[in-house]
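> I would like the atomic coordinates for the input below:
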Amino acid sequence: MNPRPFRCLLPVFLAGASLAAWSPRFHEAQTGLAMGLVPSGMVQYLKDHPRALRDGARGVGNDQVPTVEVIEDQFRRIVSMSEEHRNSDAVVRELGVLAHMVQLLQDPSATQGVTPLREQFEAYGDEYLPKLTAYKEPFWALDAPLDPRPRLLLWAKVKYERVALLLPFIDPVTGKRRGTWDVLSTPFAQLQLSFSNGVNATANIWIQLWRAVGDFWDVPSRP
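Reported below is the predicted structural model:
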């Protein structure tokens, strides 16, 4: 039995992004869908600070690819900020930044700065975004140790295995697409995997933080 897919729809609070390659539009879609997979208290916390979440999730143009160590540092930064009772807007923004980083770790084209493969794959992502779905994966973060490193290392390993499948579809001389890039192609299969894996990775890393420091977050009571 196939898992039930989520439709690729941007929530209102993340709408209005400019159409610019994979970031920010693609990342905003993943972040919005990830919100549907986390505990209701965390959802409310994120929804109460929409601008901060949007700003963090958008990333910056042509940003460098974060390493496992950089993402670990971002995770620890959020833990420290939470324990220090920092401003909620600031914490939510960093949660958005973490989402952006984790999603890049699922993108097989993002192995270094701006390359022809990354440019083509990012543009392709926006082109086919309405056709993408996210499938529920196991919520391993519910009972895993509160250390993101094992999963980050696994994701990095898988990412570098997948890039080898994409390289034959880019002309090394012109940087243009080579071969078929339709919905039955290898590039589309990798795009779909990247999208869905990024949604679930975001949700799981957020759940780890919710378990670790969610009690420090200013989550208003709801009737």
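
> hmm, W155 is touching L104, no?
No: with contact defined as CB atoms under 8 Å, W155 does not count as touching L104 (10.0 Å). C-beta: built from backbone N, CA, C; applies to glycine.

> center of the protein - which residue?
The centroid of the chain falls nearest to Q103 when counting by CA atoms, centre = their mean (2.7 Å).

> which phi and psi does that residue have?
Main-chain torsions, Q103, degrees, to the nearest 10: phi -70, psi -40.

> excluding chain neighbours, what is closest to it?
Among residues not flanking Q103 along the chain, G198 sits closest, at 3.8 Å (CB to CB, 6 or more residues apart in numbering).

> need the contact list for the one you found.
Contact analysis of G198 by CB atoms under 8 Å, 6 or more residues apart in numbering lists Q30, V102, Q103, Q106, D107.

> more neighbours: which of W155 and L104?
Between W155 and L104, counting by other CB atoms under 10 Å, L104 is the more crowded of the two (23 against 20).

> any idea how far D171 is from the more buried one?
Separation of L104 from D171 (CB to CB, to the nearest Å) stands at 24 Å.

> Q120 and L166 touch, don't they?
No: shown here, Q120 and L166 do not form a contact pair, counting by CB under 8 Å, at 9.1 Å.

> looking at those two, which is more packed in?
Shown here are Q120 and L166; by other CB under 10 Å, Q120 has more neighbours (22 against 19).

> residues in a beta bridge with the nearest residue to that one once chain neighbours are set aside, which ones?
Closest residue in space to Q120, ignoring its immediate chain neighbours: R177 at 5.6 Å, by CB to CB, 6+ apart. Listed beta-bridge partners, R177: I170 (assigned using DSSP bridges).

> residues touching R177, list them.
Here R177 is in contact with Q120, Y124, F169, I170, D171, P187 (criterion: CB under 8 Å, 6+ apart).

> could you dump those to a markdown table with pLDDT?
Listed next are the contacts of R177 as a markdown table, based on pLDDT from 0 to 100:
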| residue | pLDDT |
| --- | --- |
| Q120 | 93 |
| Y124 | 94 |
| F169 | 96 |
| I170 | 95 |
| D171 | 95 |
| P187 | 96 |
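
> please name the residues that touch F169.
Counting by CB under 8 Å, 6+ apart, F169 makes contact with R177, R178, G179, W181, S185, T186, P187.

> I should have written D182 there, sorry.
Neighbour list for D182: F188 [criterion: CB under 8 Å, 6+ apart].

> need phi/psi at it.
D182 adopts backbone torsions of phi -100, psi -170, taken as degrees, to the nearest 10.

> please tell me how far it sits from G32.
From D182 over to G32 the distance is 26 Å, taken as CB to CB.

> over to F26?
Distance from F26 to G32, counting by CB to CB: 11 Å.

> do the same with V114
Using CB to CB, we find V114 at a distance of 25 Å from G32.

> coming back round to it: joint contacts of Q120 and L166?
Counting by CB under 8 Å, 6+ apart, the contacts common to Q120 and L166 are S109.
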